[in-house]
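Novice: show me the folded form of this:
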Amino acid sequence: MPLKEQVEEYNDSRLKDLSHSTKIYEFDAEHSIVESTTLIPGVVSHEVPESLISSNNRDCAGLSRKEGLVNGARGIIVGFSWPNGADDQAKKGDLPQKVYVKFHDPRVGLVSRVTIDDSSEQEAVPIEPVMAKFYGKQGVTLQHTQLPLLPCWAATIHEVLGLCLDAAVIDLGPKMFEDRMAYVALSRVRTLQGVALLGLVEKKITSSTVANDEMDRLRNHRL
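Specialist: The predicted structure is shown next:
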């Protein structure tokens, strides 16, 4: 889909559909003021998306790029590891120590992969909460801890750069806002048979004039 808002709306709708038949865990991002030379009014408040079911790992600290744990790595959450050896989430919002993800691409997380210690005994990659620090004015440093996972039934066209998909439903409708977006989206799918178009608006399928000019220059230079 062209816009992040479209993706979030669709993923939220899928999560709500799951809530009737699947247990939903809600995790709160953790915030803390690490350093400060001044008083900060109020409380730092922000929440990550409502729930985490499917996964889309962003390229961030704590993940191994060499193992393919980067933006666009897709998989299914198959288990959790809770603090103090608990069998389940103690209270709503608690972060697990680890989330076990079985990635669609068997090459992703190959070195980090472990056998889950439960009845399933399946192999998965443990994903731990990651921490980021933000440096503000007046000597304030904030620390943000969350799981680097997002729902991924849908993704923006920019987020799928670098992926090779067997099949995809692609929105080429009126909300496309850049030249070449149609090319980027269509080129992610391996075969024409794997492409399904949603809301096609032909005038939105545009090319880059800069690229066309360069191709003309190269043709003329060759002649």
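
Novice: pairing partners for the strand ranked longest in the chain, with directions?
Specialist: Assignment by DSSP state E gives strand 73-81 as the longest strand of the chain. Applying DSSP bridges, strand 73-81 is found paired with strand 54-57 (antiparallel), strand 98-103 (antiparallel).

Novice: buried ones in stretch 68-84?
Specialist: Buried residues in stretch 68-84, counted by 16 or more other C-beta atoms under 10 Å: 68-75, 77-81. All C-beta spots, glycine's among them, are computed from the backbone N, C-alpha and C.

Novice: quick one: mean pLDDT for that stretch?
Specialist: Taken as a whole, stretch 68-84 has an average pLDDT of 85.

Novice: please enumerate the helices of the protein.
Specialist: With DSSP state H as the criterion, the chain has helices at 4-18, 181-186, 209-222.

Novice: is it true that residue 18 touches residue 24?
Specialist: Yes. Counting by C-beta atoms under 8 Å, residue 18 does reach residue 24; the two are 6.8 Å apart.

Novice: break the protein into its domains for me.
Specialist: 4-146, 164-222 (automatic domain parsing).

Novice: output those in CSV, with distance to residue 157 appended to each entry.
Specialist: Below are those laid out as CSV (distance: least, C-beta to C-beta, whole Å):
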stretch, distance to residue 157
domain 4-146, 10
domain 164-222, 5
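
Novice: tally of neighbours for residue 13?
Specialist: 11 (other C-beta atoms under 10 Å).

Novice: what's the least confident helix or strand in this structure, going by average pLDDT?
Specialist: strand 54-57 (a mean of 38; mean pLDDT, DSSP states H and E).

Novice: just to check, residue 92 is in contact with residue 27?
Specialist: No. If you go by C-beta under 8 Å, residue 92 and residue 27 don't touch, sitting 9.1 Å apart.

Novice: these two: who's more crowded?
Specialist: Taking neighbours as other C-beta under 10 Å, residue 92 and residue 27 compare with residue 27 leading, 23 against 9.

Novice: and that one, bridged to which residues?
Specialist: What pairs with residue 27, by the bridge criterion (DSSP bridges), is residue 93.

Novice: can you offset everything so residue one is 269?
Specialist: Let's use 269 as the start, then, which means that last one is residue 295.

Novice: distance of it from residue 415?
Specialist: For residue 295, the distance to residue 415 (C-beta to C-beta, to the nearest Å) stands at 6 Å.

Novice: kindly check the end-to-end length of stretch 342-356 for me.
Specialist: 24 Å (C-alpha to C-alpha, to the nearest Å).

Novice: now it: how far from the chain's centre is it?
Specialist: Relative to its chain's centre, stretch 342-356 lies at 19 Å (C-alpha atoms, centre = their mean, to the nearest Å).

Novice: stretch 423-439 now?
Specialist: 12 Å.

Novice: send me that stretch as CSV with only the CA atoms.
Specialist: This file holds the C-alpha atoms of stretch 423-439, laid out as CSV (Å, rounded to 0.1, in the frame of the first residue of the first chain):
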residue,chain,number,x,y,z
ALA,A,423,3.2,-3.1,4.3
THR,A,424,4.0,0.1,2.6
ILE,A,425,5.5,0.0,-0.9
HIS,A,426,8.7,1.5,0.6
GLU,A,427,8.9,-1.1,3.3
VAL,A,428,9.0,-4.0,0.8
LEU,A,429,12.1,-2.7,-1.0
GLY,A,430,14.5,-5.6,-1.3
LEU,A,431,11.9,-8.3,-0.8
CYS,A,432,11.1,-11.0,-3.4
LEU,A,433,7.5,-12.3,-3.0
ASP,A,434,5.7,-15.2,-4.6
ALA,A,435,2.4,-13.3,-4.5
ALA,A,436,1.1,-9.9,-3.5
VAL,A,437,-2.1,-7.8,-3.6
ILE,A,438,-0.9,-4.4,-4.7
ASP,A,439,-2.8,-1.1,-4.2
